[in-house]
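A.B. asks: mind folding the following:
(2 chains)
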Amino acid sequence: MNKLWVKLFAISLLVVVLISGCTSNNTGNDKGNANAGKEADGQKNTAASDTDTTKPATWIADRKIKGLVFMGTDDYTEDMNPEVKAKIKELTGVDFEIQIMKADHSIDGLVAGLASGDLPDFIAFYLNNSGRPEMPVVLKAAREGMFTDLAPLMKDTKVYSKYLQDGFLPLDTQFGVMFRPEFNGSAYFAHMNINREGGYTGGVPLIGGPFIRKDIAEALNVDPRTITTTDQLYDLAKKIKAGNFKDKNGKDVTPIGPGYWGGHEIGRLFQDLEWGADDQRIMQSKDGQILHEAETPYALKRVDFVKKLLSEKLLQPEFFTMDESRATEGALNGSWAIIADMHSMQDFEQDGHYLPLGPLNNVDSPYQMKVDFKSGYSAWAIPTTTENPEDIMKFADFLASRTGKLLWKYGLEGRDYTLDADGNPLVKQEVIDLKAKDPNEAKKLGFDGVGNSWGNILGSTDNDNTADFGEDQWGDKLNQGKSKGAKVIADYWNWADKRKNAEVIDAYTPTSFLGEFANGTELKAAFDNYNDSLVQAYYSKSEDDAKKILDNALKQLRAAGLDDYLKLVGQKNADPKTKVKF
Amino acid sequence: MEPSTLPMPKLKHHASTLWKRILLHRYLYLMLLPCIAFFIIFAYIPMGGLLLAFKEYKFNKGILGSPWVGLQYFKTFFNSYQSTELIKNTLIISGMKLFIYLPFPIILALMFNEIRSRWFKNVSQSILYLPHFLSWVVVVGLIQRILAPDTGLFNQVVADMGGDGSTFFMMEPKYFYQIMFGSHLWKSIGWDSIIYMAAISGINPDMYEAAKIDGAGKLREIWSITIPSIMPTIVILFILSLGNILSAGFDQIYLLRTPGNMQLSDILDTYIIRMGLQSGQYGYATAVGMMQGLIGLVLVVIANRISRRVSETSLW
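C.D. replies: Numbers count the residues shown, from 1 in each chain, chains lettered A, B, ... in the order given. Alright, predicted model coming up:
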């Protein structure tokens, strides 16, 4: 019996091996044929796009393009509207899909995604400038051959080819992010949100920084624009406290509350005691020395000032640590007489019940508006594993063109907008009404104007809305009420005058060179430690304790190579290609 | 020749009886399979990643293809100005959780064991187990609100009693250990007492009967019967937790960390996350993580050996 089973098993095994052997060859052939077919299809498509007149001029390829986005869902959306998707398919042949990788910090997702090695057709990530923490990570990936060189692909494009023209890109984007000298003309990331014109600041300007409750300023007979020093801020806070003002719930207001988005250090509130921007803390003194704030007396001066505010209960005790929900709740309830940081475009502010405070003077000079020549915001890259990377570039170029932008900014013609006599979009009133009434439902229409931001990822560059669409923001022509509050605030703040006298800057931030500094990681950790030490010093019991804390932080900075780094910043600043903004 | 051939039949016999025994208990072994598979997939295969501690990880080359760097990361860590403080902080926090915390769940289990009302026992056990199921994000959120300066419940009670209600407990280093230990105790004590409860319920009731006849009171019963009976469980759990001596509990400490208490709350786990995930230095972070594991392993082996000699209770 056993022998019979063995024989049966052996025979069936032989049959299986024979069949699978033949099938394997066939499969190989099939694969080969399939590939040949794919290539033939590709050729057919290309040929079709060349010869078939039924295909639109925007046709790219009949394929799927999938992107993985390492940015927050607050900023970008992965749920696309089916009709919009169908329109993209009709115009380009592309079945576009994005996926947002959710992570506590977007950089954690990016690092994990890159390490996994399993990347789709393109990836996108935050990258305001070359000093952003994402930069060393993507730079490492680029150096290790993870990304496709975009420079040759850009040559044949309509919009992205501008990136290859002299003077189009800001300095940091050109030499710090994209065409780094080490890459010898290659570029591995496309930096996004580059304005067409330098110094462009758009239609209704956004005013950001500290704001004060209008009723309180009026009751105290104070013009918030005259508050230009921290001493004046202190006096104002004392007056507010003495005034016994109440919030919406009838509780005492806190004179100075945290920023709308949560507790953290806010430079613009203590501007005349801040050495450099609060995310940099490096500045050149008037005699040309480049110093870190820890090496100046301003750190201790600010600590004294904050301690004074805290001890006199003029500053919310959790100013530097409060979570966003509580900070926002306080702002909406009017619990903070002064909101340390907010901006004029926020919905709750459209009645102008908060007024901008200051601006405060700089540490060594009166206030002067500074405008970036151009500035980037995010970036994307094509992994080397992507087939036909030129399709991705063509698709990005389509989204960056006026036709593409019209689609992802304004939606579908007829459904969401009509064209006026100049060929510019005129948003339908019912869409504006829907957005005001039910923003979530409006978002499902699937374009940027209603808050569905999928197109910005590849398409938001070479921006000049006024030139392209006759209005700076979606719906401005019809939606007169929307940014009315912001406009009133801008006029109140004398934005136009300040803009006229503004300094237009095209330069690197001082921390942009950490990636190429040998001790960059250690120094970055020491910079973070300094920021934490400052907050620790604000809450220390005595001035001596505060001094000790700051001295320790400075020791760590020096141990991590601060002096050498400041020398490097000086050398970079001397090179016209790498000017530094302080 | 003879001596070498002699043991063979014995070995064969032994193997065949082992196989027979396995066959006899085949269903038990079958039930063991998923557990073995779990450990192979989730514990042993990932150990291959430890290679990274000796390699400079390249995105395009993967773990195996990346170049070797030897012990470079270990040297970097020990040369770093942060290493001493990180190790010190980790040892203090995990030491508190290991040694000071140890008697608390045992005492709770002993107390539960003495409760006679079944209803009260069930309710109190459920209340004490509940915090275990809350995530640290929720627990730390609660602590932040309760201890908030001026507006927090605790400070308001202090202010009502005439004290200073503006203490920012989370920002002051001197309160960090109390907050850390208190929250750990609150969250873990109920759940951790279960295993001691199980050990206590396994004690032969005849022993208590005999003790009662001998005139022993409650305290004497606990001291002379309950504690010695559950001692092997206590020792084994203690030895096992020694393995985590350099892991002080990432989530809790990461969330409790503020600029004010950072000199006490920066530990190896938070450092690994900062270096590994946020700075993309996988090799370095793996080396530090590996060091944690190795020190834990050595401590477990030593403690096990000592325990075997002293109390005849050991893991193996």
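A.B. asks: now the helices for the stretch 151-300 of chain B?
C.D. replies: B:153-160, B:176-201, B:205-213, B:218-221, B:227-242, B:250-256, B:262-265, B:268-272, B:282-311 (DSSP state H, counting those that start in this stretch).
A.B. asks: up against chain A, what does the stretch 1-150 of chain B have?
C.D. replies: Residues of the stretch 1-150 of chain B that fall close to chain A, judged by C-beta under 8 Å from any C-beta of the partner chain: B:57-62, B:80-82, B:141, B:144, B:148-150. Any C-beta I mention is one placed from the backbone N, CA and C, and that applies to glycine too.
A.B. asks: make a markdown table out of these and add secondary structure, neighbour count and pLDDT.
C.D. replies: Formatted as a markdown table, the residues of the stretch 1-150 of chain B next to chain A follow (DSSP: H, G, I helix; E, B strand; the rest coil; neighbours: other C-beta atoms under 10 Å in any protein chain shown; pLDDT from 0 to 100):
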| residue | secondary structure | neighbour count | pLDDT |
| --- | --- | --- | --- |
| B:57 | coil | 23 | 84 |
| B:58 | strand | 17 | 82 |
| B:59 | coil | 24 | 79 |
| B:60 | coil | 17 | 77 |
| B:61 | coil | 15 | 79 |
| B:62 | helix | 12 | 79 |
| B:80 | coil | 19 | 80 |
| B:81 | coil | 13 | 77 |
| B:82 | coil | 16 | 81 |
| B:141 | helix | 15 | 90 |
| B:144 | helix | 21 | 91 |
| B:148 | coil | 22 | 91 |
| B:149 | coil | 21 | 90 |
| B:150 | coil | 16 | 86 |
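A.B. asks: I'd like the next helix or strand past the one helix or strand residue A:531 maps to.
C.D. replies: Residue A:531 belongs to helix A:520-538 when assigned by DSSP states H and E. On the C-terminal side of helix A:520-538, the nearest following helix or strand under DSSP H and E is helix A:543-559.
A.B. asks: ok, is that next one in contact with chain B or not?
C.D. replies: Yes. Residues of helix A:543-559 contacting chain B under C-beta under 8 Å from any C-beta: A:556, A:559.
A.B. asks: residues in contact with that helix: which ones?
C.D. replies: A:292, A:294-295, A:299-300, A:303-304, A:307, A:523, A:526-527, A:529-530, A:533-534, A:536-538, A:540, B:81 (C-beta atoms under 8 Å, 6 or more residues apart in numbering or on different chains).
A.B. asks: is it possible to mark the buried ones in those residues?
C.D. replies: Those of the contacts of helix A:543-559 that meet the buried threshold are A:292, A:294-295, A:299-300, A:303, A:307, A:523, A:526-527, A:529-530, A:533-534, A:536-538, A:540, by 16 or more other C-beta atoms under 10 Å in any protein chain shown.
A.B. asks: and those residues near chain B, which?
C.D. replies: Among the buried ones among the contacts of helix A:543-559, chain B is touched by A:529, A:533-534, A:536 when using C-beta under 8 Å from any C-beta.
A.B. asks: closest to residue A:243 among those?
C.D. replies: Of all these, residue A:534 has the smallest distance to residue A:243: 30.2 Å, by C-beta to C-beta.
A.B. asks: how about the CA coordinates for the helix holding residue A:531, as CSV?
C.D. replies: Output of helix A:520-538 as CSV, limited to C-alpha atoms (Å, rounded to 0.1, in the frame of the first residue of the first chain):
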residue,chain,number,x,y,z
GLY,A,520,25.8,69.4,12.3
THR,A,521,23.8,66.8,14.3
GLU,A,522,25.5,67.6,17.6
LEU,A,523,25.2,71.3,17.0
LYS,A,524,21.5,71.0,16.1
ALA,A,525,20.9,69.1,19.3
ALA,A,526,22.8,71.9,21.2
PHE,A,527,20.6,74.6,19.5
ASP,A,528,17.5,72.7,20.6
ASN,A,529,19.0,72.4,24.0
TYR,A,530,19.6,76.2,24.1
ASN,A,531,15.9,76.8,23.2
ASP,A,532,14.8,74.5,26.0
SER,A,533,17.3,76.1,28.4
LEU,A,534,15.8,79.5,27.7
VAL,A,535,12.4,78.4,28.7
GLN,A,536,13.9,76.7,31.7
ALA,A,537,15.6,79.9,32.6
TYR,A,538,12.3,81.8,32.4
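A.B. asks: confidence score at the residue nearest to the spatial centre of chain A?
C.D. replies: Note on chain A: the residue nearest the mean C-alpha position is residue A:377, at 4.2 Å, using C-alpha atoms, centre = their mean. We have a pLDDT of 82 for residue A:377.
A.B. asks: residues contacting it?
C.D. replies: Contacts of residue A:377 by C-beta under 8 Å, 6+ apart are A:126-128, A:192-193, A:460.
A.B. asks: which one of these sits closest to residue A:439?
C.D. replies: Of those, the one sitting nearest to residue A:439 (C-beta to C-beta) turns out to be residue A:460, at 20.7 Å.
A.B. asks: hang on, the closest one packs against residue A:190?
C.D. replies: No. Here residue A:460 lies out of contact with residue A:190, judged by C-beta atoms under 8 Å, at a distance of 10.8 Å.
A.B. asks: quick one, helices of the stretch 301-450 of chain A?
C.D. replies: Going by DSSP H, counting those that start in this stretch, the stretch 301-450 of chain A shows helices at A:324-332, A:389-400, A:402-410, A:429-437, A:439-443.
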